[in-house]
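Trainee: Need the 3D shape of this:
(2 chains, ligands or ions: 2)
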Amino acid sequence: MTDEHKKYVKKIKIRKLVTKILQASILILFIGLWELVASKEIIDPFIISSPSRIVKIFIKLQGQNSLYNHMVATLSETVFGFLISTVLGTIIAIMLWWNKLLNDVLEPYLITLNALPKISLGPLIIIWIGAGKNSIITMTVLTCIIITIISMLAGFLQVDKEKIMLLKSMRANKFQILFKLVLPSNIPTLMSVLKINVGLAWVGAIIGEYLVSREGIGYLIVYGSQVFQLDLVMASITILSILAALMYAIVAIAEKIIKKYF
Amino acid sequence: MQPILDLKDLTFSYHSKEGETKALQNLTFSVDQGDFVGLVGPSGCGKTTILNLIAGIISPASGSILLNSQPLNLSLDKVALMPQRDQLFEWRTIERNIMLGLEIRKTKTKQNKEMALALLKKYGLGDFAKMHPSQLSGGMKQRAALIRTLVTQPEILLLDEPFSALDFQTRLNVCNDVYSIIKQEQKTAILVSHDISECISLCDKIVVLSNRPTTVKEEIIIEIDKSLTPLKRREHKLFAGYFEKIWSLLEEKENDG
Ligand SMILES: Nc1ncnc2c1ncn2[C@@H]1O[C@H](COP(=O)(O)OP(=O)(O)O)[C@@H](O)[C@H]1O
Ligand SMILES: [Mg+2]
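Mentor: Ligands and ions are numbered 1, 2, ... in the order given. Next comes the predicted model:
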C-alpha cells in the first residue's frame, strides 16, 4: 500500500467515526434536552413526558410482564403480515407475468386498489373476519401486498428481451425462463420490495391494532392517549422505533447474504 | 454439394395494434457448410428477424427453412444464437454462464461440463471461470458469450451484431478472436453487421438485403485468402473494391416494392 493510499484509508475511517459520533450525539442531546425541559417544567411533563418517566413505565410494565406480551403480539402480526404479503404478492406477480390475459384483465383493479387508502377497508375487515389477530394480519397484508405485486411484476416485465430470446434459442420452456432468468434477475427488485414492506407492515399492524386490538403496541398507544397517560404513549413509540429499526437491520443483513450468492 | 442451410421464399410479417409490418418477402439464400456468411442491409430491414427464424424462435408465414435438407424443427439443436450484447447473466459465474445451454437442454453431464471448461481454457478464459461477468473486460465477455454458444455443439452460429457494443480497438481484436475460434471449431456462421468493412474482413459471402419488405438484392462472394486474419484481410488489395460495391448497392434507390 502506498503512503497516499494509507492516508486515504485513514481519512475514510475517521470520516466514518465522526459520522457515528455525530449520530450518537444527536440522540444524547435530544434525550438530555427533553429530560431537562421536562424536569425544569419548562414544558409540562404531563404533556411531553420525559426519558426518566418512560424508563419508569418500562420498569413498571416489565414488572407486570405485560410489555413482553404486547411486543410479541405486534411483532408477530407484523412479521406474519410481512411474510404472507411478500410470498403471496410474488406468487401473484408470477401468475400475472405468466398469463398476459390475466394481467390485462386485472390491471385496472390493481391500480385502483393501489390508490385506495387501505385503512378505509378496516371496518369491513373487522366485520368479516372479527375483531382479532386475524383482522390485524389481514390489514397488514392488504397494506403491503398490492405494492408488492405491482413492483415485482414491473421487475419481471423489465427483463431484457434479448436475454429471453437467447433462452428461447436454447429451447427453454416458460418454467426455465422463469427460474433461470426472470426470478434471479429480480433479486434486487425483491430486496427493495422487502425494504418497503418492512416499513409498510408496521403501518398495517399498528392501524389494525388502533381499530380492533386488546393488546399490542398500537393498543398501548391508543389506550395511553385515551387515559391521557402520555408516558405510556411515548414509551410505546420508543419500543416501536427500536423494533422497526431492528427488523430493517435484519432485512439489510439478509440482503447482504443474498447478494453474496447472486 | 448440398448447402447446410437453405432458406426458400421466406415471408414474414409482424402484427401489432398499429398494423402489419411486412418484414420479409420471398427471401431466398443458402449457406454452405463451413462458410462465414454476412447479412448487411438498412437498419430495420429484418436482419434480426431472419436470425430469429433460423433459430426457430419464430416461424415463417410461408416458405421453408431446410437444415441439412431437413425441415428446421427436426434439428433445432444444431443452431445457436449469439445476441447483440453479450447477455451474460450477471448473477452467474462465467463457468455457470457457459453451462446455461446444457442446463436448459438437461444435458449437463460430467463429460459435457468438462468439455465446456476445456473450451474456456482453450480460448484463454480458464482463469476467469469462477468470476462474474462484471469482472471481465468487454472483449473477454464477448469471447465468453461465443463459448457459451459452442458448448451445446451446434453446427451453425448466428451472430447478431456481436461487436456493436465494443469500442473500435477492442472490436478489431475481438473480430480476430471470433474468426479464429469459429474457424478452429469448423463452424458455419451467419453474421449480421451494419459495418461493411467488418463484414468483408470476416465473411466468405455477403448477402445484401433491400429495404422492407426485404428480399435479397445481391450475393457477393468474397475471394480474399481465408487463412489471413480479419485484420490482414482489411489490407488486402481486393478489399476496397468489395467495399465500393456493397456501399453502392446499399445506396441504390429501390425501383421495386
Ligand atoms: N416484435 C415486433 N413487433 C412488431 N414489429 C417488429 C417486431 N420486431 C421487429 N419489428 C419490426 O420489423 C422490422 C424488422 O426488424 P428487425 O428484424 O429487428 O430489423 P434489423 O435487425 O434489420 O434492424 C422493423 O421495422 C421492426 O420495427
Ligand atoms: Mg437487429
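
Trainee: Okay, strands next: where are they in the stretch 51-200 of chain B?
Mentor: B:62-67, B:70-71, B:79-82, B:156-160, B:188-192 (DSSP state E, counting those that start in this stretch).

Trainee: Can you flag the weakest of the ones you listed by average pLDDT?
Mentor: Ranked on mean pLDDT, the bottom entry among those is strand B:70-71, at a mean of 86.

Trainee: what helix or strand does A:Lys163 sit in?
Mentor: Assigned by DSSP states H and E, A:Lys163 falls within helix A:161-169.

Trainee: If I take that helix and strand B:156-160, what angle do their directions form?
Mentor: On the basis of axes from the mean of the first three to the mean of the last three C-alpha atoms, to 10 degrees, helix A:161-169 is oriented at 170 degrees to strand B:156-160.

Trainee: hang on, the earlier thing: mind putting the strands of the stretch 51-200 of chain B into TSV with distance to B:Ala55?
Mentor: Quick note: C-beta positions are derived from backbone N, CA and C, even for glycine. TSV is the format used below for the strands of the stretch 51-200 of chain B (distance: least, C-beta to C-beta, whole Å):
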stretch	distance to B:Ala55
strand B:62-67	10
strand B:70-71	15
strand B:79-82	5
strand B:156-160	6
strand B:188-192	10
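
Trainee: Out of those, which is closest to chain A?
Mentor: Counting by C-beta to the nearest C-beta, chain A lies closest to strand B:79-82 out of those; the figure is 3.8 Å.

Trainee: Give the pairing partners of the closest one; include direction for each.
Mentor: strand B:156-160 (parallel) (DSSP bridges).

Trainee: Whether the helix holding A:Lys163 contacts chain B - can you check?
Mentor: Yes: using C-beta under 8 Å from any C-beta of the partner chain, we find that helix A:161-169 touches chain B at A:Glu162, A:Lys163, A:Met165, A:Leu166, A:Leu167, A:Lys168, A:Ser169.

Trainee: buried set for that helix?
Mentor: A:Lys163, A:Ile164, A:Met165, A:Leu166, A:Leu167, A:Lys168, A:Ser169 (16 or more other C-beta atoms under 10 Å in any protein chain shown).

Trainee: residues in contact with the last one?
Mentor: If I follow you right, that is A:Ser169. Listed by C-beta atoms under 8 Å, 6 or more residues apart in numbering or on different chains, the contact partners of A:Ser169 are B:Asn52, B:Ala55, B:Gly56, B:Ile57, B:Val79, B:Ala80, B:Leu81, B:Leu158.

Trainee: how about a cut-off of 10 Å?
Mentor: B:51-52, B:54-57, B:76, B:79-83, B:101, B:104, B:149, B:154, B:158 (C-beta atoms under 10 Å, 6 or more residues apart in numbering or on different chains).

Trainee: Now do it against A:Trp202, distance only.
Mentor: According to C-beta to C-beta, to the nearest Å, A:Ser169 and A:Trp202 sit 46 Å apart.

Trainee: between the strands of the stretch 51-200 of chain B, which gets nearest to A:Gly208?
Mentor: Distance to A:Gly208, taken as C-beta to C-beta, is lowest for strand B:79-82 among those, at 51.9 Å.

Trainee: Show me the domain layout of chain B.
Mentor: With domains defined by automatic domain parsing, chain B comprises B:1-75+B:157-168+B:182-257, B:85-154.

Trainee: and the residue of the stretch 101-250 of chain B nearest ligand 1?
Mentor: Closest residue of the stretch 101-250 of chain B to ligand 1, C-beta to the nearest ligand atom: B:Arg212 (6.0 Å).

Trainee: Please look at that residue and B:Gly41 and confirm they touch.
Mentor: Yes: B:Arg212 lies in contact with B:Gly41 (C-beta atoms under 10 Å); the separation is 9.3 Å.

Trainee: Mind checking which of these two has more residues around it?
Mentor: B:Gly41 (22 against 19; other C-beta atoms under 10 Å in any protein chain shown).

Trainee: Give me the nearest residue to B:Thr109, chain neighbours excluded.
Mentor: Nearest non-adjacent residue to B:Thr109, counting by C-beta to C-beta, 6 or more residues apart in numbering or on different chains: B:Leu102, 7.9 Å away.

Trainee: ok, back up a step: just put the strands of the stretch 51-200 of chain B in CSV and tack on distance to B:Gly126 and mean neighbour count.
Mentor: Compiled in CSV, the strands of the stretch 51-200 of chain B are given as follows (distance: least, C-beta to C-beta, whole Å; neighbours: other C-beta atoms under 10 Å in any protein chain shown):
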stretch, distance to B:Gly126, mean neighbour count
strand B:62-67, 33, 17
strand B:70-71, 37, 10
strand B:79-82, 21, 25
strand B:156-160, 22, 24
strand B:188-192, 24, 24
